[in-house]
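generate coordinates for the sequence data below:
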Amino acid sequence: MADVDDLLAANAAFYAAFEARDLDAMSEIWSHEDHVACTHPGWATLRGWGAVASSWFALFQGEAAMQFILTAVAAHVEGDVGWVTCDENLLAGSQAQTVAATNAFVRAGGTWRLVLHHGSAVVGA
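Presented below is the predicted three-dimensional model:
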């Protein structure tokens, strides 16, 4: 159970960095390898840490503050690989939307590092 708790803590740190628009914290959470991937809602899949990091820089330039309320959170660990699925109930300024998300992590040196974030807008939510 400690593995799942640590994984959920890493996932929470990801969303805290997202809400705070903290590039340093976001960089700490992600693996910096060529195989990482990120799909923001409505975007093509970005591959490699350079492209992923650039996307966070661009997203953090927006004016509206963002708040995430996570629901339907489920986590699973298999050895040094773990994943979290959830619904991101995103509040940004006067807009709200729900995004179905999958976050995959790999444990390296005892620390969970994000290797995949995929978010898809939930139509009609």
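
for the chain, which helix is longest?
helix 2-20 (DSSP state H).

return the set of buried residues in that helix.
Applying a neighbour-count criterion of 16 or more other CB atoms under 10 Å, one finds 3, 6, 7, 8, 10, 11, 13, 14, 15, 17, 18 buried in helix 2-20. Quick note: C-beta positions are derived from backbone N, CA and C, even for glycine.

what does that helix contact?
22, 25-26, 28-29, 65-68, 70, 73, 75-77, 82, 84, 86, 88, 103, 105, 111-114, 117 (CB atoms under 8 Å, 6 or more residues apart in numbering).

that helix: how far from the chain's middle?
Centroid separation for helix 2-20 versus its chain: 9 Å, with CA atoms, centre = their mean, to the nearest Å.

report the contact partners of residue 101.
By CB under 8 Å, 6+ apart, the neighbours of residue 101 are 85, 86, 87, 88, 117, 118, 119, 120.
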